[in-house]
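Peer 1: model the structure of this input:
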Amino acid sequence: MASNLETLVTVFGGSGFLGRNVVRALCRRDYRIRVAVRRPELAGYLQPSGKVGQVHTIQANLRYPGSVEAAVRDSHVVINLVGILTEGGAQTFDAVQAKGAETVAKAAAAAGADLIHVSAIGADADSPSGYAKAKAAGEAAVSAAVPSATIFRPSVMFGPEDQFTNRFAALARLSPVLPLIGGSTRMQPVYVGDVATAIADAVDGKAKAGATYELGGPEVLTMREIIETILAITDRERTLVPLSFGLARLKAALLQFAPGTFKLTPDQVTLLERDNVVSDAAKAAGLTLEGLGITPDSLEAIAPQYLWRFRPQGQFQRMGV
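Peer 2: Residues are numbered from 1 along each chain as shown. Below you'll find the predicted structure:
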């Protein structure tokens, strides 16, 4: 039987939040990994994820087909994790998540490689959200180019270095009042490590070819419940002030130009109007984490391991030190 080290896996977007977890998961399974990113000189931190020479970074940009074709050359499996939450310059939702996904899929098909594509729960061609619409277009392009491709749709992901729980924890440290947008919107937060395991399982051949999996955590929580959980973990008492979606859009019109933690776009507000949970159809078909034999970790179990730094007295506060 051939060793996994003889299998070359090219990962587009391997330096991102999900990407670094996927690279680590693949390294543990002894795959040879080529990480295709726009700025390979900034992805050196991925090298210690595996053995010497196991991880190799190269330059590729989804907007330039030639660079994508070069990146997938000789690959056995191609994984596309590239996605953006906000647009900037040439990096638009359509360019990255629709046309970019199509470029990767066509290159994988030409190379004869298996394809794993990561989309998102909420991908919908009829969605008023540009993000969700582009994700749906990407899925359609992937399935057309590589009918055997496995597509994963995670709900909102959490974990160290995420832009979700860390963001709310940071805001709570700065302000006694937090705006609550879409307080009753339901989500199914999923641990990034579980999503990475599912993708690695697909590389192992454990996922159904041509299927679309929906990945969610063990609990369905409202946006209010998620923020209250984060506040409890970080020992912060804050007042949550509900904002209507109309008022939130007006606020986002200004905050879309704000830096870092304070940035909020109108499209993100639109996304918060719809629930982000695993569908009954996916559950019935076994196209979930549980269907892959993975028991998902909860927000309450994982988040304290990295959100402790936002507590007023740090890591040992709950221990009375």
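
Peer 1: report the rounded mean pLDDT for stretch 240-253.
Peer 2: Taken as a whole, stretch 240-253 has a mean pLDDT of 95.

Peer 1: could you dump it to CSV, C-alpha only?
Peer 2: Only the C-alpha atoms of stretch 240-253 are listed here, as CSV (Å, rounded to 0.1, in the frame of the first residue of the first chain):
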residue,chain,number,x,y,z
LEU,A,240,-26.3,44.3,25.2
VAL,A,241,-28.3,46.8,23.2
PRO,A,242,-30.4,45.3,20.4
LEU,A,243,-30.2,47.1,17.0
SER,A,244,-32.7,46.8,14.2
PHE,A,245,-31.3,45.6,10.9
GLY,A,246,-32.2,48.9,9.4
LEU,A,247,-30.2,50.8,12.0
ALA,A,248,-27.4,48.3,11.8
ARG,A,249,-27.1,48.9,8.1
LEU,A,250,-26.8,52.6,8.6
LYS,A,251,-24.1,52.0,11.2
ALA,A,252,-22.3,49.5,8.9
ALA,A,253,-22.3,52.1,6.1
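
Peer 1: buried residues, it. List them.
Peer 2: 243, 248, 249, 251, 252 (16 or more other CB atoms under 10 Å). C-beta: built from backbone N, CA, C; applies to glycine.

Peer 1: and stretch 178-195, by the same measure?
Peer 2: Quick answer for stretch 178-195 (16+ other CB under 10 Å): 178, 180-183, 185-195.

Peer 1: so where is the chain shaky, pLDDT-wise?
Peer 2: Along the chain, segments meeting pLDDT under 70 span 1-3, 316-321.

Peer 1: now the helices for it?
Peer 2: Counting by DSSP state H, the chain has helices at residues 17-28, 65-72, 93, 100-111, 130-145, 165-174, 192-203, 223-233, 245-255, 266-271, 280-285, 299-302, 304-307.

Peer 1: ends of stretch 89-106, how far apart?
Peer 2: 25 Å (CA to CA, to the nearest Å).

Peer 1: pull out the buried residues from that stretch.
Peer 2: Neighbour count says stretch 89-106 has 91-93, 95-106 buried, by 16+ other CB under 10 Å.

Peer 1: show me how far it is from its chain's centre.
Peer 2: 16 Å (CA atoms, centre = their mean, to the nearest Å).

Peer 1: please begin residue numbering at 29 from this point
Peer 2: Noted, 29 is the first residue going forward, which turns the last one into stretch 117-134.

Peer 1: residues touching that stretch, excluding its own?
Peer 2: Under the criterion CB atoms under 8 Å, 6 or more residues apart in numbering, residues 40, 90-91, 93, 96, 100, 106, 108, 110-112, 115, 143, 145, 158-159, 161-163, 165-167, 169-170, 172-174, 177 lie in contact with stretch 117-134.

Peer 1: and those, which of them are buried?
Peer 2: 40, 90, 93, 96, 100, 106, 108, 110-112, 115, 143, 145, 158-159, 161-163, 165-167, 169-170, 173-174, 177.

Peer 1: can you say which of the helices of the chain is nearest to residue 82?
Peer 2: Comparing these against residue 82 with CB to CB, the closest turns out to be helix 45-56 (6.0 Å).

Peer 1: which helices and strands does the closest one pack with?
Peer 2: Applying 3 or more CB pairs under 8 Å, 6 or more residues apart in numbering; DSSP states H and E, one finds that helix 45-56 makes contact with strand 36-40, strand 60-65, helix 220-231.

Peer 1: can I get it in CSV, CA atoms only?
Peer 2: Taking Å, rounded to 0.1, in the frame of the first residue of the first chain, the C-alpha atoms of helix 45-56 are listed here in CSV:
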residue,chain,number,x,y,z
PHE,A,45,-7.6,30.5,9.9
LEU,A,46,-9.0,27.3,8.6
GLY,A,47,-6.0,26.6,6.3
ARG,A,48,-3.4,26.4,9.1
ASN,A,49,-5.6,23.8,10.9
VAL,A,50,-6.1,21.8,7.7
VAL,A,51,-2.3,21.8,7.0
ARG,A,52,-1.7,20.5,10.6
ALA,A,53,-4.3,17.8,10.2
LEU,A,54,-2.8,16.7,6.9
CYS,A,55,0.7,16.7,8.3
ARG,A,56,-0.4,14.4,11.1
